[in-house]
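J.: How does the following fold in three dimensions:
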Amino acid sequence: MAAGSDVRDILELDSSSDKPEFMTKESLLKANKKPQKKSEVTFKRPEGMHRELWGLLWTDNKDAPPIMPSDSNQGYKQMKAKIGRSRVRPWKWMPFTNPARKDGAIFYHWRRAADEGKDYPFARFNKTVDVPTYSDLEYQQHLHDDNWTRQETDHLLELCKRFDLRFPVIQDRWDRDKYRVRSVEDIKERYHNICNVLAKVRAPQGSEPKIRMYDADHERKRKAQLEKLFSRTTEEVEEEEYLIQELKKIELRKKEREKKTQDLQKLITAADSNSESRKGDRKAIKKKLPITQKFREPSKTTPDTTGIKFPDPKQSGVSLRSHRMKLPASVGQKKTKAIEQVLEELGIEYNPMPTEEIVTNFNELRQDIVLLYELKLALANCEYELQTLKHRHDTLAPGKMPDITIKTEPEETINVTPMTPDPATGDSPSKVKKLSEAIDVVGSPGTPNRKRKAAIEQSNIMKKIKQKV
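T.: Numbers count the residues shown, from 1 in each chain. So this is what the prediction gives:
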């Protein structure tokens, strides 16, 4: 029996050299395996090359890039040549004239033979400016000007019509031998005045004419300012930037002063309302409460604008009265130290016996101390601002005394009667202390040296800014 290879040899077929003549174990194992596909050669886009450039160099069809630029490969768009069977239209070298030119110049170009004799196609873009004209009577009645003669005005309108209101070109072509030298602003001002006067004269009754506004003085100032701005030196530019930064700082300080003034006004209003409310409470208590009552009701607290907001537990359950004497977390460290200083001067304990009357009076006392501390701090700031303004006045106007009158009120004294006198020291039960002397304002502007330097620097900056303006 002939083998398969012999049959292929007889029929002159291609014999696969891979397959063995006889069935072996290796041939069976190879037959079960799927034939592996040869991986096609792919080229990756180099790093740093843009995707658009890589698309021009490499395509999906793996075609080499064309030597000459072509429009055959434009993505999904397939360009096909449209070949017609009609005859080609003839072209002819023919002359033409431009209607915009008045000298009768003749030019030549290629054009279709069917368009011979037609107008120049680009003549529709020839736009002209309507320059007004006037008669002798109109000039004498309405357009006469002492600074301009009739010949100068005619020359101006002629140039305006010739150069289509290109005023820098008109000023360049101005006849300086015959007429006075005119600037661009003078020429524009005269032309617009002529247009406005003729529009008003020729307008029909009841209709508003179209007026062309032109401010020559403003234009001259603008150009002069641009000349100064352009001719600045590097030192002047740096100085101007420095002055601008300092001006921003001065404006920021001004806003801070205004804010402090508003806070001070709130403090004064709160102090007045606090004293009035307490006077009213005392009068009401004297009228309504009998003498035999042991404790009085707690008075109203200070307004929400200033002071201390002590905790007022209104929840159900057990609470201690001493909890009402605890300072809240909103009170800062400086105010706490001021309260401790005044209590130490007055000889009052930091944590007295929390009876109803003591709790009320102790809280009111600490509220007054905090309010007095804020008022003293605001007063120190105002004194510093006044000192700064006086120094600025001395630098800007030396030798002139400022007309400033300050009204000072006497310091308020608070009579504090301790509940029990100290038997060891033998202090009397009534002590009169000035709280303003006891409170030490931490961080107050009391040292004028550094502030005075800042005021001098600020006044110098204001001088420079005024000189620049």
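
J.: what kind of secondary structure is Ile308 in?
T.: At Ile308, secondary structure determined by DSSP: H, G, I helix; E, B strand; the rest coil is coil.

J.: Below-threshold pLDDT in the stretch 1-150 of the chain: ranges please.
T.: Scanning the stretch 1-150 of the chain with the threshold set as pLDDT under 70 gives 1-4, 14-43, 58-81.

J.: repeat that with 50
T.: Residues of the stretch 1-150 of the chain meeting the criterion pLDDT under 50: none.

J.: So which residues of it form helices?
T.: All helices of the stretch 1-150 of the chain, identified by DSSP state H, counting those that start in this stretch, fall at 4-11, 25-32, 51-57, 136-138, 150-162.

J.: With distance to Met353 and mean neighbour count added, can I get those helices in CSV?
T.: Backbone N, C-alpha and C define where each C-beta goes, glycine included. Shown next, in CSV, are the helices of the stretch 1-150 of the chain (distance: least, C-beta to C-beta, whole Å; neighbours: other C-beta atoms under 10 Å):
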stretch, distance to Met353, mean neighbour count
helix 4-11, 122, 11
helix 25-32, 103, 9
helix 51-57, 86, 11
helix 136-138, 106, 11
helix 150-162, 101, 16
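
J.: Tell me where the stretch 201-350 of the chain has helices.
T.: Remark: helices assigned in the stretch 201-350 of the chain by DSSP H, counting those that start in this stretch are 216-230, 234-288, 333-346.

J.: returning to that earlier point: nearest to Ile348, of the helices of the stretch 1-150 of the chain?
T.: The minimum distance between Ile348 and these falls on helix 51-57, with 82.9 Å, by C-beta to C-beta.

J.: Could you export that closest one as CSV, CA atoms only?
T.: C-alpha atoms of helix 51-57 as CSV (Å, rounded to 0.1, in the frame of the first residue of the first chain):
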residue,chain,number,x,y,z
ARG,A,51,0.0,61.9,17.4
GLU,A,52,-0.7,64.1,14.4
LEU,A,53,2.9,63.8,13.2
TRP,A,54,2.9,60.1,13.7
GLY,A,55,-0.3,59.8,11.7
LEU,A,56,1.3,61.5,8.8
LEU,A,57,4.4,59.3,8.9
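
J.: As TSV, the helices of the stretch 1-150 of the chain with distance to Glu241 would be great.
T.: What follows is those, written out as TSV (distance: least, C-beta to C-beta, whole Å):
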stretch	distance to Glu241
helix 4-11	96
helix 25-32	85
helix 51-57	44
helix 136-138	55
helix 150-162	44
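
J.: for those, which one sits closest to Ser277?
T.: Ranking the helices of the stretch 1-150 of the chain by distance to Ser277, with C-beta to C-beta as the measure, places helix 51-57 first at 78.4 Å.

J.: Return the list of helices and strands in contact with that closest one.
T.: Packed against helix 51-57, as judged by 3 or more C-beta pairs under 8 Å, 6 or more residues apart in numbering; DSSP states H and E, are no other helices or strands.

J.: Quickly list the domain ranges of this structure.
T.: For the chain, the structural domains run 93-125, 136-230, 237-312+322-400+428-468, going by automatic domain parsing.

J.: Turn the ones you listed into CSV, including distance to Arg51.
T.: As requested, these are exported to CSV (distance: least, C-beta to C-beta, whole Å):
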stretch, distance to Arg51
domain 93-125, 42
domain 136-230, 46
domain 237-312+322-400+428-468, 45
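
J.: Lowest average pLDDT across these?
T.: Here the lowest mean pLDDT among the domains of the chain goes to domain 237-312+322-400+428-468, at a mean of 72.

J.: Now do the strands in this structure.
T.: Applying DSSP state E to the chain gives strands spanning 73-74, 77-78, 91-96, 107-112, 414-416, 431-433.

J.: Out of the helices of the stretch 1-150 of the chain, the one nearest Glu219 is which?
T.: It's helix 150-162; of the helices of the stretch 1-150 of the chain, that one is closest to Glu219 (C-beta to C-beta) at 17.4 Å.

J.: If you count contacts, what does that closest one end up packed against?
T.: Applying 3+ C-beta pairs under 8 Å, 6+ apart, we find helix 150-162 packed against helix 167-172, helix 184-202.

J.: In a markdown table, list the ones you listed along with mean neighbour count and distance to Pro46.
T.: Shown next, in a markdown table, are the helices and strands packed on helix 150-162 (neighbours: other C-beta atoms under 10 Å; distance: least, C-beta to C-beta, whole Å):
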| stretch | mean neighbour count | distance to Pro46 |
| --- | --- | --- |
| helix 167-172 | 15 | 53 |
| helix 184-202 | 17 | 58 |
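
J.: out of the helices of the stretch 1-150 of the chain, which comes closest to Ile187?
T.: Nearest to Ile187, of all these, is helix 150-162, at 6.3 Å by C-beta to C-beta.

J.: Measure how the closest one sits relative to helix 184-202, angle-wise.
T.: With axes from the mean of the first three to the mean of the last three C-alpha atoms, to 10 degrees applied, the angle from helix 150-162 to helix 184-202 works out at 90 degrees.
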